[in-house]
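>>> Attaching a predicted model along with its sequence, questions to come.
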Amino acid sequence: MGMLQLANPGGVAYGIRIAPGRSVRRRVQDRVESFLAQGNLSFERNFLIVRPAIAGLVALAVAVQGAGFPGRTGVLLACSFAIAYNFLIAGLVFQKRIYLLRAVSLILDNLTVTFASIYVFRQMGLQAYESDLWMLFPTLIVINGLYYGPIGCLIYTTYWTGLFVAISMLFYPDESHFVDQLPMRFLFFVLIGFVSLSLAAELRSRRAKLEQQTRQTLTMLATIVEARDTDAGAHLRHIQHYSRALAQRLGLDDQTTNELAYAAMIHDVGKAQVPDSILKKPGPLTVEERREIQRHTLWGSELLSASEEDFAMAGEVARSHHERWDGEGYPDGLAGTAIPLSARIVAVADVYDALISERPYKKAWPAEDAVAEIKRLRGTHLDPDVVDAFIDLCESGALSAIDALIRDHHTDEAQAA
């Protein structure tokens with residue numbers, strides 16, 4: 001079974017059974033998706049422009065050397081193919097982050113360079129022709145290492161170094177200058193890989209630190225906003241852990257689940273721009289006041305869109321958590337699966353916690369009544385599949401366990417203060 005971890009102030013982690021354990025196939029799939037998601041969106045977009053640019057420069061260099069260059073036609077065909085499919089994939093990735101496109105691009109790149117290299121070096125070896133075309137391999141090590149991080153750097157350094165050594169020994173005679181220089185070039189490859197690994201690790205560390213600082217700032221802002229009309233500490237913990245538990249029950253991978261839990265915490269960050277006179281009003285809202293408070297979804301989305309590649313899910317949750325399954329929600333009137341899954345999950349968690357919480361305009365509902373209301377909203381306001389996962393959590397006792405742990409945690413914090 002999957003375990004939801006909640007930590008108390010003393011650092012002790014409590015495990016709550018949430019979802020069946022993942023199969024080996026699913027674990028492998030999660031690792032692949034995690035690897036493909038290493039880079040951020042802006043770098044990926046640039047990467048899909050840089051690669052055809054490199055292919056174009058290689059083609060130009062080979063063309064300048066003239067018809068006497070062995071394998072010239074193969075290089076030009078490979079470069080033309082790389083330019084074509086990279087621009088095609090770039091156009092699609094610019095519209096949406098799709099792991100499949102990343103995988104296809106990765107496979108095509110490596111197959112194209114590998115087969116083109118084997119063909120060209122074979123032709124050069126037959127004619128004892130030496131060229132600095134091998135310098136392309138260190139370039140690929142650096143570029144892919146910086147994009148895919150330390151793991152990618154290790155993979156690509158090993159792969160391209162191994163390929164270069166293999167084609168040098170296979171296609172050039174032992175007494176050739178090309179083979180004589182192989183030990184020195186091998187050392188060069190290793191040094192390039194080491195430098196690339198160091199840079200990739202440092203860049204990843206700095207990016208993670210900056211992202212953490214930004215997350216902390218946004219979380220503090222969300223806490224301040226929530227404190228204006230509710231018990232921010234308990235509310236944010238409920239939303240975070242309910243959403244995490246629902247994501248696990250629905251089978252989402254660990255990386256997506258963790259990102260969703262964070263996005264859930266700041267889903268109402270746009271309320272920072274809602275006046276207290278509306279947010280704390282004890283009675284019914286006027287039509288204009290309701291329109292004003294509904295704008296918090298747009299304000300939250302706008303705030304988070306400033307760093308789209310880091311907070312893409314948080315932005316979609318902030319914008320779409322008030323959309324309804326039947327299309328009667330706001331701000332965009334989305335319906336069904338057109339609503340992002342992350343927003344559909346947070347919507348269920350948010351509705352339930354809003355029902356069981358006391359607000360300026362309402363008393364807290366008993367948990368049983370809140371669950372009954374969630375069931376009533378199934379298929380109209382809320383996603384049926386997410387509601388079913390929520391009911392499973394209730395019936396398994398996981399939801400009650402989460403509530404108890406959060407309540408104890410909150411009590412311990414209050415006593416410590």
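Arrived safely. Numbering: from 1, shown residues only.

>>> sec struct for the most far-flung residue of the chain relative to its centre, please.
In terms of distance from the mean C-alpha position of the chain, residue 175 ranks first, at 50.7 Å (Cα atoms, centre = their mean). Under the three-state scheme (DSSP: H, G, I helix; E, B strand; the rest coil), residue 175 adopts coil.

>>> Could you check how far it is from residue 350?
74 Å (Cβ to Cβ, to the nearest Å). In this view, the C-beta of every residue, glycine as well, is placed from N, C-alpha and C.

>>> ok, now residue 225?
Residue 225 is 14 Å from residue 350, by Cβ to Cβ.

>>> what about the spatially closest residue to residue 358 that is not a sequence neighbour, neighbour count?
Nearest residue to residue 358, sequence neighbours excluded (Cβ to Cβ, 6 or more residues apart in numbering): residue 364, at 4.3 Å. Neighbour count of residue 364, defined by other Cβ atoms under 10 Å: 13.

>>> Equivalent analysis for residue 112, please.
Number of residues near residue 112 (other Cβ under 10 Å) recorded here: 18.

>>> Distance check, residue 281 against residue 274.
From residue 281 to residue 274 the distance is 10 Å (Cβ to Cβ).

>>> who has more neighbours, these two?
Between residue 281 and residue 274, counted using other Cβ under 10 Å, the more crowded position is residue 274 (21 against 16).

>>> Correct me if wrong: residue 333 contacts residue 322.
No - using Cβ atoms under 8 Å, residue 333 is not in contact with residue 322; the gap is 10.8 Å.

>>> quick one: secondary structure of residue 128?
coil.

>>> Verify the stated contact: it with residue 176.
Yes - counting by Cβ under 8 Å, residue 176 is a contact partner of residue 128 at 6.3 Å.

>>> what about the two, which has more around it?
Legend: neighbour count by other Cβ under 10 Å for residue 128 and residue 176, higher for residue 176 (15 against 12).

>>> Isn't the more buried one up against residue 129?
No - the criterion here is Cβ under 8 Å, and residue 176 misses it with residue 129 at 10.2 Å.

>>> Quick one: mean pLDDT for stretch 240-251?
Computed over stretch 240-251, the mean pLDDT rounds to 90.

>>> Show me where the stretch 201-350 of the chain has its helices.
Secondary structure of the stretch 201-350 of the chain by DSSP state H, counting those that start in this stretch: the helices cover 232-249, 254-265, 276-279, 287-294, 296-304, 312-320, 341-356.

>>> what sits up against the fifth one?
The reference is to helix 296-304. If you take Cβ atoms under 8 Å, 6 or more residues apart in numbering as the criterion, helix 296-304 is touched by 218, 266-274, 311, 314-316, 318-322, 330-331.

>>> Filter those residues down to the buried ones and hand me the PyMOL line.
In PyMOL, a selection of the buried entries from the contacts of helix 296-304 looks like this (16 or more other Cβ atoms under 10 Å):
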select buried, resi 218+266+267+268+269+270+271+272+274+311+314+315+316+318+319+320+321+322+330
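
>>> Around the residue nearest to residue 272 when sequence neighbours are not counted, count how many other residues there are.
Computed as Cβ to Cβ, 6+ apart, the closest residue to residue 272 that is not its neighbour in sequence is residue 225, at 4.9 Å. Neighbour count of residue 225, defined by other Cβ under 10 Å: 23.

>>> so residue 225 makes contact with residue 273?
No - in this structure, residue 225 is not within contact of residue 273 by Cβ under 8 Å, at 9.3 Å.

>>> so where's the stretch 1-150 of the chain shaky on pLDDT?
1-48, 90-102 (pLDDT under 70).

>>> And the helices in it?
Per DSSP H, counting those that start in this stretch, the stretch 1-150 of the chain carries helices over the ranges 24-36, 41-65, 72-93, 99-126, 136-171.

>>> Please produce a markdown table containing those helices, extended by distance to residue 288.
Formatted as a markdown table, the helices of the stretch 1-150 of the chain follow (distance: least, Cβ to Cβ, whole Å):
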| stretch | distance to residue 288 |
| --- | --- |
| helix 24-36 | 45 |
| helix 41-65 | 37 |
| helix 72-93 | 41 |
| helix 99-126 | 44 |
| helix 136-171 | 49 |
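
>>> Ok, which of those comes nearest residue 402?
helix 24-36 (23.4 Å; Cβ to Cβ).

>>> neighbouring contacts of stretch 71-84?
51-52, 55-56, 58-59, 62-63, 65-66, 69, 108-109, 112-113, 115-116, 119-124, 133.
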